[in-house]
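*Asks:* sharing a model prediction with you, sequence too.
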Amino acid sequence: RSVRFRSPLVNGLGEWCGEWDHLNRRLYGGHPFNDSRFVDAMLRHFSGGFEHLCVHRREGRIDGMLLLYPRQMGI
């Protein structure tokens, strides 16, 4: 069974930085463009305040995270 939820982001990744980095190391070998320090800085400087972090868990373990930004109603 998988659990999915969405969290609005205010001023960056915040409490999700550790989980984000763990997933980056596990899936991408710690790629610098996916490092939470880089992503967090981009969000703090360029976000419009409407971004959401979507988190996917399977068997209690996070196996996916995605940043979403709504462009228009329904998109």
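*Replies:* Looks like it arrived, so ask away.
*Asks:* show me which residues of whichever helix or strand R57 is part of are buried.
*Replies:* Mapping R57 onto the secondary structure by DSSP states H and E places it in strand 52-58. Under the neighbour-count criterion of 16 or more other CB atoms under 10 Å, strand 52-58 has L53, V55 buried. Using the backbone N, CA and C atoms, a C-beta is placed for each residue, glycine as well.
*Asks:* so after the helix or strand of the chain with the lowest mean pLDDT, what's the next helix or strand?
*Replies:* Least confident helix or strand of the chain, by mean pLDDT, DSSP states H and E, is strand 2-8 with a mean of 65. As assigned by DSSP H and E, the chain's next helix or strand after strand 2-8 is helix 17-28.
*Asks:* what helices or strands is that next one leaning on?
*Replies:* helix 36-46, strand 61-68 (3 or more CB pairs under 8 Å, 6 or more residues apart in numbering; DSSP states H and E).
*Asks:* in it, what's buried?
*Replies:* Buried, per 16+ other CB under 10 Å, within helix 17-28: W20, D21, L23, N24.
*Asks:* quick one on the thing from earlier: show me how far the strand holding R57 is from its chain's centre.
*Replies:* In terms of CA atoms, centre = their mean, to the nearest Å, the centre of strand 52-58 is found 8 Å from the chain centre.
*Asks:* how much space between the residue nearest to L68 when sequence neighbours are not counted and G60?
*Replies:* Excluding the flanking residues, the one nearest L68 by CB to CB, 6 or more residues apart in numbering is H52, at 5.0 Å. To G60, H52 is 22 Å away according to CB to CB, to the nearest Å.
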